[in-house]
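> Sequence first, predicted coordinates after that:
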Amino acid sequence: MKTSLTVFFEDPFWVGVFERVDDGKLSVCKVTFGAEPKDYDVWGFVLRHYDELVFSPAMDMETRKTADNPKRRLRNVRKQTERRGIGTKSQQALQLQREELKTEHRQISREQRDAEAQRRFEMKQLKKKEKRRGH
């Protein structure tokens, strides 16, 4: 399992994106830090809260074999350190997680709305019975 953290500025907050690759499957979690975090703040967050992170559902990911050319490795390292934002696979995983949470929220809202309508209906029926019984 390989895990990476990318911290970047997404106006108006500093955001961290955890990417976890396990058996060719990518899972992503987005964390908002607020003010610019120091290195020790990020490390402390990882140590304290990594177990509590909610990762997106795993997506298949293409893994490419990299050559052992030292110049190429150095170039890739430089490219990763300069990279801004999150990769497109990560964005897709976050979007998938957002959509699942949205459908879950819709289902819960519908159940609450139906329960409230049922409660009102029962109260109306009870009131009708009370009127009919007389005083």
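Noted; the coordinates are in hand. Numbering: from 1, shown residues only.

> what about the strands in the chain?
With DSSP state E as the definition, the chain shows strands at residue ranges 2-10, 13-22, 25-34, 59-60.

> The shortest one - contacts with which helices or strands?
Read that as strand 59-60. Taking 3 or more C-beta pairs under 8 Å, 6 or more residues apart in numbering; DSSP states H and E as contact, the helices and strands that strand 59-60 lies on are strand 25-34, helix 88-133. Using the backbone N, CA and C atoms, a C-beta is placed for each residue, glycine as well.

> Which strands and helices lie in contact with the longest one?
By that I understand helix 88-133. Identification of packing neighbours for helix 88-133 by 3+ C-beta pairs under 8 Å, 6+ apart yields strand 13-22, strand 25-34, strand 59-60.

> One more: the first one?
Packed against strand 25-34, as judged by 3+ C-beta pairs under 8 Å, 6+ apart, are the following elements: strand 13-22, helix 39-49, strand 59-60, helix 88-133.
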